[in-house]
Each structure stands twice: as structure tokens, then as C-alpha cells.
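Peer 1: Let me see the structure of the following:
(one chain, ligands or ions: 2)
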Amino acid sequence: MRKVYLDHAATTPVRQEVLDAMMHVFKEVYGNPSSIHQFGRPARKLMEEAREKVAKAINADPKEIVFTGSGTEADNIAIVGGARANKKKGNHLITTVVEHHAVLDAFKALEKEGFEVTYLPVDAEGRISVEDFKNALRDDTVLVSIMHGNNEVGTIMPIEEIGATCRERKILFHTDAVQTVGKIPVDVKAINCDFLALSGHKIYGPKGIGVLYMRRGVRTQPLYFGGGQERKLRPGTENVANIVGLSVAIELAVAEMAEESARLSVLRDKLIDGILNNIEETRLNGPREGRLPHNVNVSIEYIEGEALLLSCDMKGFAASSGSACTSGSLDPSHVLMAMGLTHTTAHGSLRLSLGKSTSEEDIDYVIEQLKPIADRLRAMSPVWEKFQKGLPIT
Ligand SMILES: Cc1ncc(COP(=O)(O)O)c(C=O)c1O
Ligand code: FES
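Peer 2: Numbering: from 1, shown residues only. Ligands and ions are numbered 1, 2, ... in the order given. Reported below is the predicted structural model:
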């Protein structure tokens, strides 16, 4: 059976060039980068070269790059550390309702410490309005965090405008660029951000490594304590292999971006049209324009997401869903609900995220397979029966 991996927004396989660079570190460069002897020095050198590569990829200075243990950790240091460090200046923070939980839960923790948080709403396509953002600003606003691209529905946010306003008003601006690096241009100067988070495993690098970009002169507070590594913001012996792996991954991702994103956009649109045209009662979640090139999110109405995912898996293709049971919480996706979807529509949602291995044949296969899956599941669905009889659906 054909095997099709369409969950690249969840994670990606490690590419060969990255693996080779990491193997070299594991085998040959095992010294501690803090050691000044002949074993430590090469490790330090590789790490600093990696820092330069990462800086170059996002138009930053190497001194502004902090290696962290994940994208989540980078988000937390920016948000929790940034807010705490500026508490004397003000108590108000702004974010959106559609952030990844790495961001949302950091704000929830800050609320418990007494910070006031405004959660900006989104429109039906998952986008915030710049006007809402400007109206939410207060004299005591100290930090704003708005994601670059949404991980569930692929919506790209207008962060350049937000960054410019924050810079003008001397408010710290963080953006979670975990889903956008290597997909669309990420330039910290154009964005006008003070912090930016990215992650290795979404760009064919290793898991368990992230980057926090921190603009020169910006202050934050550490969340962990120990040694002096990574400017005391991420103490602990550095994971040199992961750092080197991430740097190779980001360098290649940026170099290949224009071509690969153009290729993926065509496949993305083919998949969207194929599903919407072939299966009745389906809808696209997220925008047509201003959408990440690797993201497809559709709702196949009156079907339970869990059953849908299992059926897809049995046919050899891997996806993800916004249903409650797969997200481990009782409510369906907070992103889809914030966009105004009903529970039933959110339950039938399917995210198919494309990547380097995705071919046109894969897309044809998925379009072909989804229709009989939808037919079979609907034949068993009491909600579908109600819909067909024109009865009210609760
Ligand atoms: C938008 C976004 N932010 C943050 C993260 C967390 O990154 P990591 O898995 O490296 O902690 C993810 C990954 O799921 C993501 O998609
Ligand atoms: S599909 Fe599992 S909760 Fe709806």
C-alpha cells in the first residue's frame, strides 16, 4: 500500500545533510563547548558557526541568537521572561485566541501572576484585524505576541504592521515563527520584532531544539537557573549535535524556499480543489489567499474526526484533525471554534500538511481515497442521516 505522510506541520523527517552533520558531531566532536581544551574548542567553534548560519537565515546578528530546547521553550522565555522583566513598566499584555498552546498557556500562567491579557479575536479565516490590535493597546501594555503563521489553518498574520506599531510605542513584540521559517520569508528586521521563536523539527532538523531570537538591547528574565550557557537564558550543557543539525536545516530550508514553496502551493491548491469538488458538504478552513504553502485544512461535515483519521491511516496516509479526542482536551480545536465553526464542523476537520516528500501522485491518491472514506463513514453517521432528511442537527 502507498504510504503518504501528510503531517509535516506536526513534524518532519530529518534530512540526510542534517543527519550527516549531526553524526560528525556525535562521533568526532564530543567535547563540552565550555571546556577550553582541544576537545572543547572544536565543539565551541561548530556551535558558533551554527549560530552564524541561523542568524543569517533570519537576518539577525549572531549575538541575538539563543539556542533553546524547543520552540515551546523559546516562546516561554520570550513571553514569560519578557513580561516579568518589564512588570514595573506595565501590567497589560496582548496576544490572540488562535496561538499555539506554547504561547496561550504561557499567557495563562502570567494571568495567575496578576498580568492582564487581551486575547484578540479572529475573523472566519483565522486572521486578526490590525484595527482591533490598535484598539487593544493601552498605556500600560508591555508585551505583544502574535504568531506569524497558524499551525492548524495556515493563516498568515499581518505581523509587519503590528511590529512597526509596537516599535513606535516601545512595546516588546514577540512572534512565533515555528510554522513559517522555510515556508515564507522570515526577516526579523522587516518584521520589527524583539523576540522570535523557531523550531528544528518543522524544517527537517532534529526534535528538541529551538531558537529564540532576541533583539540586541532587549531584556528578558531567565526561567531556568544553572550555568552561564546561552547568556544564562538557557543554562545547561549545549546540545551541540542538535544545534549543528538545526543550523544545516535552516540554511537549506531558506535556500530552497522559493522553489519548494511554489511547488507546494500548487499541490496544496490541487488538494483543496480535489476535496471540495469531489466530496459534497465539505469546506475549506482558513483562507485561500495568504495561506501557508504546506497547509490544507478541510471539514468533511457530519463525520467524526477520530474515525476519519483512522480510516485515512488504514489507507496509508497520515493526517491530523481538530477533533477533541486527538487534541487530548474536551473541546474541539480552539482555533476552529474561534473562527466561528460549529462543533460538528470542527469535529469533521482534517489537516493535511505537505512537505518535501509530497508528490503529485500522493495528492491524486488522497483525493481518490477520501471520497469512499467519507461515503462509508457518512453511511454510519446518524448526523448525516438527519442532515439528509432535513432534520435539525444539534
Ligand atoms: C506554531 C507553533 N508554535 C510552537 C510549536 C512548538 O514547537 P516545539 O515542538 O519545538 O516545542 C509548534 C509545534 O507544534 C507550533 O506549530
Ligand atoms: S472526533 Fe473525537 S471528539 Fe469528536
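Peer 1: List the contacts of Ala106.
Peer 2: By C-beta atoms under 8 Å, 6 or more residues apart in numbering, the contact list for Ala106 reads 75-76, 79-80. For every residue, glycine as well, the C-beta is placed using N, CA and C.
Peer 1: That one and Asn277: what is the separation?
Peer 2: 41 Å (C-beta to C-beta, to the nearest Å).
Peer 1: ok so, going back, so which of the contacts of Ala106 reach ligand 2?
Peer 2: When contact is defined as C-beta under 6 Å from any ligand atom, the contacts of Ala106 do not meet ligand 2 at all.
Peer 1: Show me what counts as buried in whichever helix or strand Gly274 is part of.
Peer 2: Per DSSP states H and E, Gly274 falls inside helix 240-278. Residues of helix 240-278 classed as buried under the neighbour-count rule (16 or more other C-beta atoms under 10 Å) are 240-254, 257, 260-261, 263-265, 267-268, 271-272, 274-275.
Peer 1: which residues of the stretch 201-350 of the chain fall in strands?
Peer 2: Under the criterion DSSP state E, counting those that start in this stretch, the stretch 201-350 of the chain contains strands at 210-214, 282-284, 295-300, 317-318, 349-353.
Peer 1: Okay, domains of the chain per the record?
Peer 2: Taking automatic domain parsing as the criterion, the chain consists of the domains 4-10+257-380, 16-253.
Peer 1: Would you format those domains as JSON lines with mean pLDDT and distance to Lys389 included?
Peer 2: Converted to JSON lines, those look like this (pLDDT from 0 to 100; distance: least, C-beta to C-beta, whole Å):
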{"stretch": "domain 4-10+257-380", "mean pLDDT": "93", "distance to Lys389": "12"}
{"stretch": "domain 16-253", "mean pLDDT": "97", "distance to Lys389": "28"}
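Peer 1: Columns distance to Ile393 on top of those, output as a markdown table?
Peer 2: As requested, these are exported to a markdown table (distance: least, C-beta to C-beta, whole Å):
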| stretch | distance to Ile393 |
| --- | --- |
| domain 4-10+257-380 | 6 |
| domain 16-253 | 20 |
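Peer 1: Get me the contact residues on this protein for ligand 1.
Peer 2: Counting by C-beta under 6 Å from any ligand atom, the chain sits next to ligand 1 at 70-72, 75, 100, 102, 147, 151, 176, 178-179, 199, 210.
Peer 1: For the closest residue to Thr345 other than its chain neighbours, give the beta-bridge partners.
Peer 2: Using C-beta to C-beta, 6 or more residues apart in numbering and skipping the chain neighbours, the partner closest in space to Thr345 is Ser299 (4.7 Å). For Ser299, the beta-bridge partners are Arg283, Ser349 (DSSP bridges).
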